[in-house]
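A predicted structure for the sequence below; I have some questions about it.
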Amino acid sequence: VLPRPGMLSAIRSTRVARKNVAYAAARAMSTDPEFGSKAFIGQVADKYLKKHGLDAKTLEDPTWPSKHADKVAAAIKDWGMDNNATVFTHWFQPLGANGVRHGMTGQVHNNMMTFASDGQPQFKFSGKELLRGETDGSSYPSGGLRATHTAGGYTVIDATSPIFMRGDTI
C-alpha cells in the first residue's frame with residue numbers, strides 16, 4: 001500500500017514533534033533542582049553517607065550489604081527523614097510456580113516509626129531491615145491457595161539497584 005500524498009510529510013512532522021517534546025522534557029528535568037534528589041546515589045548519597053563515615057562510592061561495591069548495612073541504613077533513614085519519608089518497602093517481582101515472572105510486582109511496606117517504652121515516637125531503620133524483608137501469601141499470584149502464614153517468602157536487597165524514594169516511601 002502506497003502512502004497518500006502528504007502522509008509522509010505528516011509522519012515526519014509527528015516524529016519531529018515527538019523528538020522536540022522528549023528534548024524539552026529532558027531539558028526541564030535537568031534544570032529542575034529536585035531532579036535526581038529522590039534517588040540515593042551520587043551527591044545525594046554522599047551527603048548522608050559522609051555523616052556515617054562512608055561515601056557514595058561505597059554503593060558501587062556490590063558487597064556493601066555484608067560490610068556496611070547498618071551505616072547505609074542510618075544514612076537512608078536520615079535522607080528519608082529530611083524528605084518526610086517514614087515508610088520503607090521491599091518491592092519485588094514474585095515468580096510463578098514455573099520460575100517465570102508474570103509481570104506483577106509486590107510490595108511490603110513497613111513504618112520506620114515505633115514507640116519507645118515511654119510512648120514517645122522514635123524512628124529506627126536497621127541494616128537488617130534494609131537488607132531483608134518478609135512477604136506473606138497475599139503478595140504472590142497464587143493468592144489464597146495456601147494459608148498466609150505458610151506462604152511466606154523473603155526478599156533480599158539487590159545491591160546493584162539504586163535505592164529511591166516515591167512520596168513518603170523509600
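Structure received.

what helices or strands is the helix or strand encompassing Val72 leaning on?
Here Val72, judged by DSSP states H and E, is contained in helix 64-82. With contacts defined as 3 or more C-beta pairs under 8 Å, 6 or more residues apart in numbering; DSSP states H and E, the packing partners of helix 64-82 are helix 42-49, helix 127-131. For every residue, glycine as well, the C-beta is placed using N, CA and C.

Extract the C-alpha set from the last one and format it as CSV.
Presented in CSV, the C-alpha positions along helix 127-131 are these (Å, rounded to 0.1, in the frame of the first residue of the first chain):
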residue,chain,number,x,y,z
GLY,A,127,20.7,-2.7,58.3
LYS,A,128,18.8,-5.9,58.8
GLU,A,129,15.5,-4.2,57.8
LEU,A,130,17.2,-2.7,54.8
LEU,A,131,18.7,-6.0,53.6
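
Excluding chain neighbours, give the residue nearest to Ile170 in space.
Nearest non-adjacent residue to Ile170, counting by C-beta to C-beta, 6 or more residues apart in numbering: Phe88, 4.6 Å away.

Secondary structure element for the one you found, which one?
Assigned by DSSP H and E, Phe88 falls within strand 87-92.

now the end-to-end length of stretch 48-56.
Criterion C-alpha to C-alpha, to the nearest Å; first-to-last residue distance in stretch 48-56 is 9 Å.

Buried residues in that stretch, which are they?
Within stretch 48-56, the residues that qualify as buried by neighbour count (16 or more other C-beta atoms under 10 Å) are Tyr48, Leu49, His52, Leu54, Ala56.

quick one: contacts for the third one?
His52 makes contact with Lys71, Val72, Ala74, Ala75, according to C-beta atoms under 8 Å, 6 or more residues apart in numbering.

Please tell me the pLDDT value assigned to the spatially closest residue to Ala74 that is not a sequence neighbour.
In space, and not counting its chain neighbours, Ala74 is closest to His52: 5.3 Å by C-beta to C-beta, 6+ apart. Per-residue confidence (pLDDT) for His52: 96.

Please apply the same query to the one 5 residues further on.
At Lys57, the pLDDT value in this model is 94.

do Ala97 as well
Predicted confidence (pLDDT) for Ala97: 57.

cool, and Leu130?
On pLDDT, Leu130 comes in at 83.

And it, how close does it get to Asp118?
Taking C-beta to C-beta, to the nearest Å as the criterion, Leu130 is separated from Asp118 by 26 Å.
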